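S.K.: A structural model of the following input is requested.
(chains A and B)
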Amino acid sequence: MKYIDEFRDGALAQKISANIAIEANPARSYHLMEFCGGHTHAISRYGIVDLLPDNIHMIHGPGCPVCVLPIGRVENAIQLAQTPDLILCSYGDMLRIPTATGMNLLKIKAQGADVRMVYSSADALKIAQDNPEHQVVFLAIGFETTTPPTAVAIKQAQAMGLRNFSVFCNHVLTPSAISHILQSPEVRQLGLVPLDGFIGPAHVSTVIGSQPYEYFTEEFQKPVVIAGFEPLDVMQAILMLIRQLNEGRAEVENEFSRAVLPTGNVKAQVLVADVFELRRTFEWRGLGLVPYSALKIKSAYAEFDAEKRFQITKLSIADNKACECGAILRGVKQPQDCKIFGTVCTPENPIGSCMVSSEGACAAHYNYGRLRDHNFSMKKINA
Amino acid sequence: MHSGGKIKRSYTRSLDLKKGCIEMVHGSGGRAMTQLIDQLFLAAFDNEFLRQMNDQACFPGFNGRMVISTDSHVITPLFFPGGNIGSLSVNGTINDVVMSGANPAYLAASFILEEGFPLVDLKRIVDAMAKAAQGAQVPIVTGDTKVVERDSCDGVFITTTGVGMVPEGIAISSNNARPGDKILVSGTLGDHGIAIMLLRENLAFHCTLESDTAALHDLVANMVAAIPNIHVLRDPTRGGVATALNEIAHQSSVGMMLYENQLPILEPVNAACEFLGLDPLYVANEGKLIAICAPEDADKLLATMHKHSLGENAAIIGEVMEDMHCFVQMETRFGSKRVVDWLSGEQLPRIC
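M.R.: Sure thing, here's the model as predicted:
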């Protein structure tokens, strides 16, 4: 398939792999974080770790939209879905995220709530038009990639005078999450998470551009290479990061130049700025409260804000004690370090959010990485 | 179709197959039900067994081993490019019967109809069943209809049961895969599932993809004639090839290795899967089969499949290995290996 096959070419992968092996300095190690779940998925699915020398360590970042949503917000959504005559719409993976009691939106649906999976915010808008006697709430989640479509839906709802449509906004921002990780004591003082550089987001960067990352390269002296989600993109980005580190450079480089401009998609940015404003702080699963890391709906569009319409209150609910999603999202632990990984927590029965989405570090490792885990027993697979 | 033999078969008005719809009375056992059976079902399926209008079909016995299989068909939407629930319900059960290597002989069909369902649509469905059954030369010899109140079912549910006769010397079963065996598929993967998904989810893709729904009895008969010692046959419906192979791997206590560059997948299916974040290995097929045979038989089996219109795109996609973990693995085009695991829940599209 055009524009896909070229970026999955095995022969080219071997060439890049050979170059990485030549250029990586055996006297040191390289700890690289791929921020996005899309990269985590590609690394697992294509077995990229097998093509890297042992001294290159890939650390999975928190860039999985459903993984970082705190349980309190999931609980809010479940309570909302139980409101009579209300239709709650959201993206597929969101429906399977468990709360502390193991409840999720699909289970609530089975019990009679009207929960619908949609492919886009426009689908939710259409449902609102088709069901004027119902309140329709779009549970909006995701990073900068999914924010502009939510803005479009709100503006269209306003233009159409739709009175039964609102958005429960959970949109979060990538740069503030990266800053938070770099400022965390685990990275800065304790050295628990050695971080030498970042593979920067693909789709997010098409919207925000490459400029927002320049702050990290200056402030934290960590190189960033923006990369596409195909396996060759990831390998090329790793090679580019190694070159920067070997040469002592810390710059923003753009491997994904076929889609990312330095300024990003200005039209989308204007749209987002019109509809949303920064929250002072927002809770992230795994990262805790992160200042200025999320968006809320501006007061000019308050009538479409489900938090106001349904007076949604803030809930703070702790993760399951055995679940290591928090540490995994911060890069402190690997999925296989978690005691319940693959035993109690499986894709069929996820305890933590990282096991739900195929972009979550645990699900990606469970689905594709287990062959490499020598100590993984058959018993666990059948559990 | 409970008999109405004693009821006089003349009706003041014939069924309004253009504007009429299913009413509760069509399931009540009275004249209206008999009329529906007479003028719709019997008219379409007509054969000597059904014509007797008994509660059961009586047919001559077979010598040797018989197979029976039953399948309930529920699908949204009921009509789709390449077929409808009617053709699907006949082909699906014929395929389940023939995956034992059997010749299909008879079908039974049971309908659950929703009050208010348009008769014109029911006629399209019944005609598609009749056409599929006649095409496969497998008569629908008995059946039943029930009507449920509006909103109690999704238009039409159809359960079909098929019986068939296994030729002597054929022992095809999912626990027969052996290390070294070759794994074949009869054609392109995922066509049905993607065709349905594009319709169902109102995805505004424009493509000409059709469901592959088809009865595989003739293809299987040719295959069994060429290689009587086929080890395993399976139609990879729900859950796709990945799920079917995982089931076979566990039933046979073996592992498998697939080769990504050998998988026959149509470009539009691949494109839709890439777009939605789905894996075509987990997408449903309705007119395809997996065959597993000894390595020395594989080329002949493949050539036999290629000669049949339903096997034109057949391919050898992998082989069976020894593996106590029963992993199904795949060598990717990229040159790495990965597990092709059981599907967890439903395949859901990714977010960004």
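S.K.: Just the pLDDT at the residue of the stretch 151-300 of chain B found nearest chain A, thanks.
M.R.: As assessed by C-beta to the nearest C-beta, chain A sits closest to B:N270 within the stretch 151-300 of chain B, at 5.3 Å. Glycine gets a C-beta too; all of them are placed from N, C-alpha and C. With respect to pLDDT, B:N270 scores 91.
S.K.: Where do the helices of the stretch 51-200 of chain B begin and end?
M.R.: Secondary structure of the stretch 51-200 of chain B by DSSP state H, counting those that start in this stretch: the helices cover B:85-98, B:119-136, B:191-200.
S.K.: before we move on, the earlier item: identify the residues contacting the spatially closest residue to the residue of the stretch 151-300 of chain B closest to chain A that is not a sequence neighbour.
M.R.: In this structure, B:N270 finds its nearest non-sequential neighbour in A:M1, 5.3 Å apart by C-beta to C-beta, 6 or more residues apart in numbering or on different chains. Residues near A:M1 by C-beta atoms under 8 Å, 6 or more residues apart in numbering or on different chains: B:E267, B:N270, B:A271, B:E274.
S.K.: Turn those residues into TSV, columns for neighbour count, distance to B:S211 and secondary structure.
M.R.: Shown next, in TSV, are those (neighbours: other C-beta atoms under 10 Å in any protein chain shown; distance: C-beta to C-beta, whole Å; DSSP: H, G, I helix; E, B strand; the rest coil):
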residue	neighbour count	distance to B:S211	secondary structure
B:E267	12	17	helix
B:N270	19	17	helix
B:A271	18	17	helix
B:E274	14	20	helix
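S.K.: The residue nearest to B:N270 and B:A315, how far apart?
M.R.: 18 Å (C-beta to C-beta, to the nearest Å).
S.K.: returning to that earlier point: assess the claim that the residue of the stretch 151-300 of chain B closest to chain A and B:P280 are in contact.
M.R.: Yes - if you go by C-beta atoms under 8 Å, B:N270 and B:P280 touch, sitting 6.5 Å apart.
S.K.: what domains does the record give for chain B?
M.R.: Split into domains by automatic domain parsing, chain B comes to B:24-165, B:182-339.
S.K.: Just give the number of residues close to A:K15.
M.R.: 12 (other C-beta atoms under 10 Å in any protein chain shown).
S.K.: Would you mind giving the secondary structure of it?
M.R.: Of the three states, A:K15 takes helix under DSSP: H, G, I helix; E, B strand; the rest coil.
S.K.: Show the model's pLDDT score for it.
M.R.: 95.
S.K.: which helices and strands sit right next to the helix or strand encompassing A:L241?
M.R.: Assigned by DSSP states H and E, A:L241 falls within helix A:231-246. If contacts are counted by 3 or more C-beta pairs under 8 Å, 6 or more residues apart in numbering or on different chains; DSSP states H and E, helix A:231-246 sits against helix A:10-23, strand A:30-36, helix A:37-45, strand A:197-200, strand A:224-226.
S.K.: can you tell which of these is closest to chain B?
M.R.: Nearest of these (C-beta to the nearest C-beta): helix A:10-23, 3.8 Å.
S.K.: Mind listing residues that contact that closest one?
M.R.: Against helix A:10-23 from outside (C-beta under 8 Å, 6+ apart): A:46, A:51-53, A:56, A:231-232, A:235-236, A:238-239, A:242-243, A:246, B:332-335.
S.K.: In the sheet, which residues pair with B:C21? Tell me.
M.R.: B:P118 (DSSP bridges).
S.K.: So it sits against B:L113, correct?
M.R.: No - if you go by C-beta under 8 Å, B:C21 and B:L113 don't touch, sitting 9.7 Å apart.
S.K.: Report the helix or strand with the lowest average pLDDT across chain A.
M.R.: helix A:378-382 (a mean of 41; mean pLDDT, DSSP states H and E).
S.K.: Check whether A:V115 sits in a helix, strand or coil.
M.R.: Reduced to three states by three-state DSSP, A:V115 is strand.
S.K.: dump the residue contacts of it.
M.R.: Taking C-beta under 8 Å, 6+ apart, one finds A:A81, A:I87, A:L88, A:C89, A:S90, A:L95, A:L105, A:L106, A:I108, A:K109 in contact with A:V115.
S.K.: where does the third one land in three-state SS?
M.R.: Reducing the assignment at A:L88 to three states with three-state DSSP gives strand.
S.K.: ok, now which ones touch the nearest residue to it once chain neighbours are set aside?
M.R.: Excluding its sequence neighbours, the residue lying closest to A:L88 (C-beta to C-beta, 6+ apart) is A:A81, at 4.2 Å. For A:A81, the contact set (C-beta under 8 Å, 6+ apart) comprises A:L88, A:L105, A:I108, A:K109, A:A113, A:D114, A:V115.
S.K.: Against A:D233, how distant is A:A81?
M.R.: A:A81 is 38 Å from A:D233, by C-beta to C-beta.
S.K.: Wait, a helix at A:V290?
M.R.: No - counting by three-state DSSP, A:V290 falls outside a helix, being strand.
S.K.: How about B:M305, nearest residue that isn't a chain neighbour?
M.R.: The nearest residue in space to B:M305 (C-beta to C-beta, 6+ apart) is B:G311, at 3.3 Å.
S.K.: Strands of the stretch 151-300 of chain A, residue ranges please.
M.R.: Taking DSSP state E, counting those that start in this stretch as the criterion, the stretch 151-300 of chain A carries its strands at A:165-171, A:197-200, A:224-226, A:252-254, A:276-278, A:281-284, A:288-291, A:295-297.
S.K.: same thing with chain B?
M.R.: B:66-73, B:79-80, B:83-84, B:103-114, B:140-148, B:156-165, B:182-185, B:232-234, B:255-259, B:290-293, B:315-321, B:328-331, B:337-339 (DSSP state E).
S.K.: Of all residues in the stretch 201-350 of chain A, which one is closest to chain B?
M.R.: Closest point on the stretch 201-350 of chain A to chain B, by C-beta to the nearest C-beta, is A:P347, at 3.3 Å.
S.K.: That residue: helix or strand, and which one exactly?
M.R.: Per DSSP H and E, there is no helix or strand for A:P347.
S.K.: where does it land on pLDDT?
M.R.: So A:P347 comes in at 84 (pLDDT).
S.K.: Let me see the ranges of the helices in the stretch 251-383 of chain A.
M.R.: A:266-275, A:306-309, A:325-329, A:361-364, A:378-382.
S.K.: Can you list the helices and strands that the second one packs against?
M.R.: Okay, so that is helix A:306-309. strand A:165-171.
S.K.: same for the strand it packs on, what does it pack against?
M.R.: Using 3+ C-beta pairs under 8 Å, 6+ apart: strand A:165-171 touches helix A:71-81, helix A:121-130, strand A:135-142, helix A:147-160, strand A:295-297, helix A:306-309.
S.K.: looking at this, A:T83 is in a helix?
M.R.: No - assigned with three-state DSSP, A:T83 falls outside any helix and is coil.
S.K.: Flag the shaky bits of chain A, pLDDT-wise.
M.R.: Chain A contains residues with pLDDT under 70 at A:190-191, A:370-383.
S.K.: Of all residues in it, which one is nearest the centre?
M.R.: A:C64 (2.0 Å; C-alpha atoms, centre = their mean).
S.K.: my read: that residue touches A:T40, true?
M.R.: Yes - taking C-beta under 8 Å as the definition, A:C64 is a contact partner of A:T40 at 7.3 Å.
S.K.: which neighbours do the two share?
M.R.: With C-beta under 8 Å, 6+ apart, A:C64 and A:T40 have common neighbours A:E359, A:G360, A:A361.
S.K.: ok, and of the residues you listed, which contact chain B?
M.R.: A:E359 (C-beta under 8 Å from any C-beta of the partner chain).
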